[in-house]
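Trainee: Compute the structure for the input listed below.
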Amino acid sequence: MVEATLTAPDALHIQDESGIATLEMLHRTCAQDAFLHGWRKTASDTFVLTGQWPAHHRFFQLTAGRRVDPLLVAETLRQSVHLVVHAGYGVPVGHAFILQNIRFHCLPDRLAIGAGPVDLEVRISIPGYRSRDTRLFEAEIEIQLAGITVAGGGIDFQVVSPGVYRRLRGGRTGLASVRPTTPAVAAALVGRARSEDVLLSATPQEQTWQLRIDTGHKTLFQSPKDHAPGMLLLEAARQAATAVSQPGTFIPWAADASFFSYVELNEACSIQAHEFTDAATGKRAVRVTAHQSDRSVFQATLRDARADIG
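Mentor: Reported below is the predicted structural model:
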């Protein structure tokens, strides 16, 4: 989101080689939204995490064939980075994570689960974190179920102290309470079952929507924020991709999303989507962009498992 020369976190002297994940380390406040439970260090800058995916969740819904929601994969990647940086490297809870890019790919045929929760294992590497070079870190992550790889991806991020974060935000760190002021599109149009999960409002322009933000959402806002979370923007992209793919469904089994700037809670943000066939893979894909105050703030390319758009 931001390019800056930053001061490295102070606490990088870790003696523990394993431990239990806490809600604070995962940046969650609700236990049912914490998908990682433990961690252990296996090599320099490499960790194995354990956790569990639920069979039912209020927001991350199973797809056809009882396959795991690919955005649950993305959320697990995000929590993995938080856990390793806090538990594995000792960065204090309260430091800010600046998300630059998140990318993931899934193997849908391996993501079908049964009627109960499923245990998972995450292998994560953050090369060079101990170098104290805080310009940009790249985490590479693999998720396994029963020893079989089912998904993978990566996250590019920065970590900064509260003081540095305040300077980066330029005084815009007030914790706002925001409710939607525009009506939601039909939940079925964007692949949701509940209207309270819909993040898009219609506009006069084709394939363009206004972002709807509700800071009271129980999954997307578990603690006060001064900007729209990255997972909210990724979900908005999924919804826009679903809308332009009608009739039918769109399941983003792969995605690559970049965050260029903070999305402010109290300013209008437009979402545009364009469907195309990926020339390299022949897969159906949608490119989604977000603009706020005449600036590009977010871009994502999402890919379905289906072949093409005809």
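Trainee: Which parts of the stretch 51-200 of the chain are strands?
Mentor: Shown for the stretch 51-200 of the chain, the strands assigned by DSSP state E, counting those that start in this stretch span residues 96-106, 118-125, 137-145, 148-160, 200-202.
Trainee: Adding mean neighbour count, distance to residue 112 and mean pLDDT as columns, could you present the ones you listed in JSON lines?
Mentor: The way it works is simple: take the backbone N, C-alpha and C, and place the C-beta from them, glycine included. What follows is the strands of the stretch 51-200 of the chain, written out as JSON lines (neighbours: other CB atoms under 10 Å; distance: least, CB to CB, whole Å; pLDDT from 0 to 100):
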{"stretch": "strand 96-106", "mean neighbour count": "20", "distance to residue 112": "12", "mean pLDDT": "96"}
{"stretch": "strand 118-125", "mean neighbour count": "19", "distance to residue 112": "10", "mean pLDDT": "98"}
{"stretch": "strand 137-145", "mean neighbour count": "20", "distance to residue 112": "10", "mean pLDDT": "97"}
{"stretch": "strand 148-160", "mean neighbour count": "20", "distance to residue 112": "10", "mean pLDDT": "96"}
{"stretch": "strand 200-202", "mean neighbour count": "18", "distance to residue 112": "29", "mean pLDDT": "98"}
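Trainee: measure stretch 124-140 end to end?
Mentor: Criterion CA to CA, to the nearest Å; first-to-last residue distance in stretch 124-140 is 6 Å.
Trainee: my bad, should have said stretch 126-142
Mentor: End to end - CA to CA - stretch 126-142 spans 12 Å.
Trainee: all helices for the stretch 151-300 of the chain, in order.
Mentor: Along the stretch 151-300 of the chain, counting by DSSP state H, counting those that start in this stretch, helices occupy 162-169, 230-244.
Trainee: wait, which of these is closest to residue 300?
Mentor: When the helices of the stretch 151-300 of the chain are ranked by distance to residue 300, counting by CB to CB, first place goes to helix 230-244 at 4.3 Å.
Trainee: The closest one - contacts with which helices or strands?
Mentor: With contacts defined as 3 or more CB pairs under 8 Å, 6 or more residues apart in numbering; DSSP states H and E, helix 230-244 has these neighbours: helix 70-83, strand 96-106, strand 200-202, strand 208-211, strand 254-259, strand 269-277, strand 284-292, strand 295-303.
Trainee: just to revisit the earlier point, can you list the helices of the stretch 151-300 of the chain in CSV and add distance to residue 119 and mean pLDDT?
Mentor: Shown next, in CSV, are the helices of the stretch 151-300 of the chain (distance: least, CB to CB, whole Å; pLDDT from 0 to 100):
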stretch, distance to residue 119, mean pLDDT
helix 162-169, 35, 92
helix 230-244, 23, 98
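Trainee: ok, now which ones touch residue 211?
Mentor: Applying CB atoms under 8 Å, 6 or more residues apart in numbering, one finds that residue 211 lies in contact with 199-201, 228, 236, 263, 268-271, 290.
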